[in-house]
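1. give me a model of this one.
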Amino acid sequence: MDQTAFLSSLAGSEPPPDLSVHLQALWWLGRGAPERAHHLVQVLEDTGAAAIHAHVHRLEGDEGNALYWYGRAGLPFCTEPIKAEWQALVGRFL
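-> Okay, the predicted model is just below:
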């Protein structure tokens, strides 16, 4: 799947079945459902999930928790616009 197909899939009511858990979380974020995304990534242990987890907390305005998860991801606190960070994360996992 490429970025165009991923973005087009946001018109559906459920993420495409072949998406990784990371992309499913980003799909739910793209649909405005951060609680669904949070539920998916909070049980994963990898740095990619930690980066998405940080993004979710930043989106919620919880900078302290976001900072913790950026650290777990090995990343500095993101200062880019939220949408730009989401797009970069989508690109990372596609």
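2. Leu26: what secondary structure?
-> Of the three states, Leu26 takes helix under DSSP: H, G, I helix; E, B strand; the rest coil.
3. measure Pro16 to Leu23 for me?
-> 9 Å (C-beta to C-beta, to the nearest Å). All C-beta atoms are positioned from the backbone trio N, CA, C, and that covers glycine.
4. need the residues touching each of these two.
-> Contact with both Pro16 and Leu23 is made by residues Met1, according to C-beta atoms under 8 Å, 6 or more residues apart in numbering.
5. if you count surrounding residues, which of the two has more?
-> Using other C-beta atoms under 10 Å as the criterion, Pro16 and Leu23 rank with Leu23 on top: 23 against 14.
6. mind checking which helix or strand that one is in?
-> Assigned by DSSP states H and E, Leu23 belongs to helix 21-30.
7. which elements pack onto that helix?
-> Using 3 or more C-beta pairs under 8 Å, 6 or more residues apart in numbering; DSSP states H and E as the contact test, the elements touching helix 21-30 are helix 3-9, helix 34-41, helix 47-59, helix 82-93.
8. to Pro76, which of the ones you listed lies closest?
-> helix 47-59 (10.3 Å; C-beta to C-beta).
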